[in-house]
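> no FASTA, just this:
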């Protein structure tokens, strides 16, 4: 099998969108005729019924796509909400958003005492939280989604458990947000000194 | 060609992460032996040098990846390197996390002798490490991710050499000890005379 | 450039840093005569000239200069074996050795990882978004997989203020610069004094901290210092009218 065919196959695999013959030629340093020959070889390899993937001609070029034979299994594997156990960072971030929404990322960071970029990105990607406008300082605000309520079996946000139940110092009367921020600052200071 | 093999190929193509045999079995409604047979068929199809793609055992599962033969063209087409190399500070921090996980940032700092903030932040941003709870003093603990295993071509953390393998040889240790202890003797001798 | 090649031009020595280190360890140069502060300044000058900080080199430098400082300070201070039996000769060297070996271990592991990553060069995974049909999640399919208690617990954990670190196992911070400053100022209110007088009967740590305090007084312009010969007693005199000292001290 020609090396060009192998390279073209890899490029089509990597590219999220269809790739034109001209772009394939430029990337491989070959001329368009050679690329067309490689594509013809690939066509034979990807003949219908042979593989789980298909070589498709679409607007804008050529793309690899899955064969419909895999549709049902793909839905079972990938279309269900992804609900692996929450990491501690994710649980903390999600709890802050759930109780304080809308809440900005800098505020989450201050409460946790450590940056929350990766946890909030994962929660957003899984559809647990979503953007809810911007704060007066331009920071993105987050709120929880309907999927979040579903996955936690909640009718509404009113169903969240009382925080006081988990609070080791319920005698403190200050507002939840202030208490969280104060504890966060303390934690950040202490952790730095350990 | 078996339909199961085609479906498995399609699932591996679609999934953003490595997929375990158990997950493939669940999605396809087959048992793990059947999936293993389908994977063996795929292995033959993806024998080295045959294709532009390869079947990799990484991060506790199976993933499709490109053959390095396509790297130069891929770089031109996608206009980005696969993943930038690690700086020495990042590599050291990553090594400490990989071997000692879960490990806190202060502990990393203690071993390296310099602060690890910037290196650990970069590693987290690149998805190589993630938070894994907190130490008893509230310091964030880190562990490595599946992406780390994938990009380093590891099936699991067991694929890392024993940490003892990196210890200096007895000769090197003896030499270092000798040099330091002689300084210590000098100190004792001189100090006694003060 | 590595730390080893850092060029030094000191009164007692001129050449690369690693040679100095070797000579010190071979006892061919007396560490007491090596001005460590000048080495640090040379390094900072070098950093400034280069305009960037190589963390690996900086680490190596810090480990080495810290080790030298530690050795030198022990050489300078009178020993008090009865008081501090835990500071056996060689113990600091053992500790330093253990740390250097540990750092070395992970430096090698780091090289292995870097080589591994380089070996996977050209192995790329696909990172395309899922086809639209697979991206839609049917809300009706989503069951309750998490318990809300987890959220309350996570938030409760964040409300908890971490316990204060116990420093009970540390014996070093028994004496503070502030305490010794007060002590020195009290002595100076009565007129000129000497360092020996100021540390009479004191242990090693107190002697060291008193020296810090004395340098602080000097920096503030509250005292003048005179030492006739190395290791001789240091004469300390109030530098300003006593009323001013009292004012500062109060």
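Received the coordinates, thanks. Nothing here was measured: the structure is a model prediction, and the numbers come from that model.
> and stretch A:83-95, is it in reach of chain C?
Yes. Using CB under 8 Å from any CB of the partner chain, we find that stretch A:83-95 touches chain C at A:83, A:86, A:88, A:91-92, A:94-95. Yep, even glycine has a C-beta here, placed from its N, CA and C like the rest.
> Considering only those, which also neighbour chain B?
Among those, proximity to chain B is found for residue A:88 (CB under 8 Å from any CB).
> now the residues of stretch A:83-95 next to chain C as CSV including neighbour count?
Shown next, in CSV, are the residues of stretch A:83-95 next to chain C (neighbours: other CB atoms under 10 Å in any protein chain shown):
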residue, neighbour count
A:83, 14
A:86, 21
A:88, 16
A:91, 21
A:92, 27
A:94, 27
A:95, 26
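> all helices for chain A, in order.
Secondary structure of chain A (DSSP state H): helices at A:3-14, A:21-28, A:32-45, A:71-74, A:88-100, A:105-112, A:117-125, A:146-151, A:176-193.
> Which other helices and strands does the second one contact?
Which is helix A:21-28. Other helices and strands packing on helix A:21-28, by 3 or more CB pairs under 8 Å, 6 or more residues apart in numbering or on different chains; DSSP states H and E, are helix A:3-14, helix A:32-45, strand A:61-66, helix B:71-78.
> tell me the mean pLDDT over the second one?
To tie it back to what came earlier, the one meant is helix A:32-45. Across helix A:32-45, pLDDT averages out at 91.
> Now do the buried residues in that helix.
With burial defined by 16 or more other CB atoms under 10 Å in any protein chain shown, the residues of helix A:32-45 counted as buried are A:34-35, A:38-39, A:41-42, A:45.
> Next: the first one.
For helix A:3-14, the neighbour count (16+ other CB under 10 Å) marks A:4-14 as buried.
> just those now: which is nearest residue A:58?
residue A:12 (11.6 Å; CB to CB).
> ok so, going back, now distance to chain B too, for the buried residues of helix A:32-45, in a markdown table please.
Below are these laid out as a markdown table (distance: CB to the nearest CB, whole Å):
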| residue | distance to chain B |
| --- | --- |
| A:34 | 13 |
| A:35 | 11 |
| A:38 | 10 |
| A:39 | 12 |
| A:41 | 11 |
| A:42 | 9 |
| A:45 | 9 |
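> Between the two ends of stretch A:92-109, what distance do you get?
One end of stretch A:92-109 to the other measures 11 Å (CA to CA, to the nearest Å).
> any idea which of the residues of stretch A:83-95 next to chain C is closest to chain B?
residue A:88 (4.1 Å; CB to the nearest CB).
> Leaving out the residues flanking it, which one is nearest to the closest one?
residue B:133 (4.1 Å; CB to CB, 6 or more residues apart in numbering or on different chains).
> hang on, that neighbour packs against residue B:141?
Yes. If you go by CB atoms under 8 Å, residue B:133 and residue B:141 touch, sitting 5.2 Å apart.
> what about the two, which has more around it?
The neighbour comparison of residue B:133 against residue B:141 (other CB atoms under 10 Å in any protein chain shown) goes to residue B:141, with 19 against 16.
> in the sheet, who's paired with that one?
In this entry, residue B:141 is beta-bridged to residue B:104, by DSSP bridges.
> Which pLDDT value belongs to it?
91.
> Burial check on residue A:103, number of neighbours?
23.
> Same check on residue A:79?
For residue A:79, using other CB under 10 Å, the count is 18.
> so it touches residue C:132, yeah?
No. With contacts counted by CB under 8 Å, residue A:79 stays clear of residue C:132, the gap being 10.8 Å.
> centroid residue for chain C?
residue C:66 (6.8 Å; CA atoms, centre = their mean).
> same thing with chain A?
Nearest to chain A centroid, counting by CA atoms, centre = their mean: residue A:125, 3.0 Å.
> re the thing from before, can you work out which residues contact both of residue A:79 and residue C:132?
Overlap of the contact sets of residue A:79 and residue C:132 (by CB atoms under 8 Å, 6 or more residues apart in numbering or on different chains) is empty.
> Pull the distance from the helix or strand in which residue C:103 is found to the chain's centre.
Using DSSP states H and E, the element containing residue C:103 is helix C:91-119. How far helix C:91-119 lies from its chain's middle: 20 Å, per CA atoms, centre = their mean, to the nearest Å.
> go on, stretch A:75-85?
That offset, for stretch A:75-85, works out to 12 Å (CA atoms, centre = their mean).
> Quick check: end-to-end length of that stretch?
Where stretch A:75-85 begins and where it ends lie 21 Å apart, using CA to CA.
> what mean pLDDT does that stretch have?
When pLDDT is averaged along stretch A:75-85, the result is 81.
> which other residues reach it?
A:126-127, A:147, A:151, B:11, B:14-15, B:19, B:23-24, B:26-27, C:130, C:133-138, C:141-142, C:145-146.
> Mind jotting down where the strands sit in chain C?
C:7-9, C:14-16, C:193-194, C:223-227, C:234-238 (DSSP state E).
> Mind telling me which of those the model trusts least?
Least confidently modelled of those is strand C:14-16, at a mean of 74 by mean pLDDT.
> That one: partners in the sheet, and parallel or antiparallel?
strand C:7-9 (antiparallel).
> contacts for the strand it pairs with?
Contacts for strand C:7-9 (CB under 8 Å, 6+ apart): C:14-17, C:20, C:38-39, C:42.
> Of these, which pair is most distant in space?
By the measure CB to CB, C:16 and C:38 form the most distant pair in the contacts of strand C:7-9, at 14.8 Å.
> Who has more neighbours out of the two?
Using other CB under 10 Å, the more surrounded residue of residue C:16 and residue C:38 is residue C:16, with 16 against 13.
> any idea how far chain B is from the nearest residue to residue A:127 once chain neighbours are set aside?
Spatially, and ignoring its direct neighbours in sequence, residue A:127 is nearest to residue A:147 (4.6 Å; CB to CB, 6+ apart). Distance from residue A:147 to chain B, counting by CB to the nearest CB, to the nearest Å: 19 Å.
> what's the answer for residue C:222, then?
Taking CB to the nearest CB, one finds residue C:222 at 29 Å from chain B.
> what's the answer for residue C:208, then?
For residue C:208, the distance to chain B - CB to the nearest CB - is 14 Å.
> for residue C:34, same thing?
Distance from residue C:34 to chain B, by CB to the nearest CB: 13 Å.
> List the contacts of that residue.
Under the criterion of CB under 8 Å, 6+ apart, the neighbours of residue C:34 are C:10, C:12-13, C:20, C:24, C:68, C:72.
> Buried members of the residues you listed into PyMOL, please.
Filtering the contacts of residue C:34 down to the buried ones (16+ other CB under 10 Å) takes a single PyMOL command:
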select buried, chain C and resi 10+13+20+24+68+72
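> Just give me the neighbour total for the residue nearest to residue C:211 when sequence neighbours are not counted.
Spatial nearest neighbour of residue C:211, chain neighbours left out: residue C:195 (7.7 Å); criterion: CB to CB, 6+ apart. Counted with other CB under 10 Å, the neighbours of residue C:195 add up to 19.
> So residue C:195 sits against residue C:214, correct?
Yes. Using CB under 8 Å, residue C:195 is in contact with residue C:214, at 6.8 Å.
> so what's the closest residue to residue A:140 other than its chain neighbours bridging to?
The shortest distance from residue A:140 to any non-neighbouring residue, by CB to CB, 6+ apart, is to residue A:131 (5.4 Å). Applying DSSP bridges to residue A:131 gives these bridge partners: residue A:142.
> what does residue A:58 give?
Counting by DSSP bridges, residue A:58 forms beta bridges with residue A:61.
> Residue C:14 too?
Beta-bridge partners, per DSSP bridges, of residue C:14: residue C:9.
> Right, I'll call it a day here.
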